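Undergrad: Here is my input, please return the structure:
(one chain, ligands or ions: 4)
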Amino acid sequence: RAIAGALRQSLEGDDFHLVFQPQIDFNDYHIQACEALLRWQPNDTSLQAMPSEFIPIAERSDLMIRLGQWVIRSACRQLSKWRAQGLPHIRIDLNISGKQLHQSSFFNFLNEVLDEYGLQASDFGIELTEDVLTGADSNLLAQLTHMRDAGMKIAVDDFGSGYSSLNFLKHFSVDTLKIDRALIAKAPESAKEQAILEAIVQLGHKLNLQIVAEGIETELQAVFCKQLGCDQAQGFLYHKPMPAPQLAQLLTS
Ligand code: G
Ligand code: G
Ligand code: MN
Ligand code: NA
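TA: Residues are numbered from 1 along each chain as shown. Ligands and ions are numbered 1, 2, ... in the order given. Coordinates of the predicted model:
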């Protein structure tokens, strides 16, 4: 595929960058973390695509590993730069694909890069989809537990979009559920979605999990999610994903 070839070429060059979307606390509206999101600007602009298009292509080969390593390294470099500039500390949450996580050297790589930049596991969170956790073997769960014990926050991303059984929690504890934005969008107008959302929040809280409402675009959705007890929010209503300098400005203002 043309995209796979161009991605491969872009890894040699400088065609990727990260944007950051703040997550705010529903109680005091403070920014408490930001999600790093990958962006790609290939030389051949006709190939330009969003991660939802090119990540699945990358996942079919070793490209995802290399792209994932690029993301981890860039996020660490960015965070150490912000520290050097004296910015208030902020956690960066990284999207990690199953392909990356299932690589046996993943945690070694992560720890190496953290060391290299003088950072700690607690400076980062990782977002995993449910299928990655349900498909995890005991070795992978042990490694995740180790990182979590070191303070790294672990979130289940797009929660409510799949089977959402929470069954994996019998074997492994996470910190956060990030509720899929499709559910958030429909809940204020649909009794069914509202019931599902309410049940997720209650169950999550009983398990001591933080609940993040994702993709909040309207005041109505915000009020609704806050009333249902969601702890944090992320969405265009508050902040769009933004380049690093813009986030730095926001954090200092
Ligand atoms: O930013 P955007 O809305 O296009 O993201 C679409 C999807 O791509 C989301 O599911 C997001 O989790 C995923 N994504 C964005 N950046 C990364 C990344 O650095 N690594 C992985 N594995 N997925 C990412
Ligand atoms: O699957 P994941 O949660 O990682 O996807 C994150 C993606 O959701 C990001 O690419 C981001 O651009 C997108 N996103 C964040 N907030 C909103 C929002 O309020 N509305 C919409 N439509 N997309 C959003
Ligand atoms: Mn995510
Ligand atoms: Na999500």
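Undergrad: I figured A185 hits Q221, correct?
TA: Yes. Using CB atoms under 8 Å as the test, A185 is close enough to Q221 to be in contact (6.9 Å). Glycine gets a C-beta too; all of them are placed from N, C-alpha and C.
Undergrad: Looking at those two, which is more packed in?
TA: Q221 (22 against 18; other CB atoms under 10 Å).
Undergrad: What does the more buried one show for phi and psi?
TA: Note on Q221: backbone dihedrals following degrees, to the nearest 10 are phi -60, psi -40.
Undergrad: Which residue ranges of the protein form helices?
TA: 2-12, 51-58, 63-84, 98-101, 106-116, 130-134, 138-149, 181-186, 191-206, 219-228, 244-252 (DSSP state H).
Undergrad: Next, format these as TSV and append distance to ligand 4.
TA: Putting the helices of the chain into TSV (distance: least, CB to the ion, whole Å) gives the following:
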stretch	distance to ligand 4
helix 2-12	22
helix 51-58	11
helix 63-84	16
helix 98-101	15
helix 106-116	21
helix 130-134	11
helix 138-149	19
helix 181-186	6
helix 191-206	13
helix 219-228	14
helix 244-252	19
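Undergrad: For L94, give me its contacts.
TA: By CB atoms under 8 Å, 6 or more residues apart in numbering, the contact set of L94 is 36, 71-72, 75, 124-127.
Undergrad: what's around L140, how many residues?
TA: By other CB under 10 Å, the residues close to L140 number 19.
Undergrad: So what's the residue count around the nearest residue to it once chain neighbours are set aside?
TA: Spatial nearest neighbour of L140, chain neighbours left out: L101 (6.4 Å); criterion: CB to CB, 6 or more residues apart in numbering. The burial metric for L101, expressed as a neighbour count using other CB under 10 Å, is 19.
Undergrad: what's the one helix or strand in the chain whose mean pLDDT sits lowest packed up against?
TA: Across the helices and strands of the chain, mean pLDDT, DSSP states H and E gives its lowest value to helix 130-134, namely a mean of 89. With contacts defined as 3 or more CB pairs under 8 Å, 6 or more residues apart in numbering; DSSP states H and E, helix 130-134 has these neighbours: helix 98-101, strand 153-159.
Undergrad: Out of those, which one sits most buried?
TA: Taking mean count of other CB atoms under 10 Å as the contact definition, the stretch among the helices and strands packed on helix 130-134 with the greatest mean neighbour count is strand 153-159, which reaches a mean of 22.
Undergrad: how close does the nearest residue to N27 once chain neighbours are set aside sit to R91?
TA: The shortest distance from N27 to any non-neighbouring residue, by CB to CB, 6+ apart, is to D231 (7.9 Å). Using CB to CB, to the nearest Å, we find D231 at a distance of 14 Å from R91.
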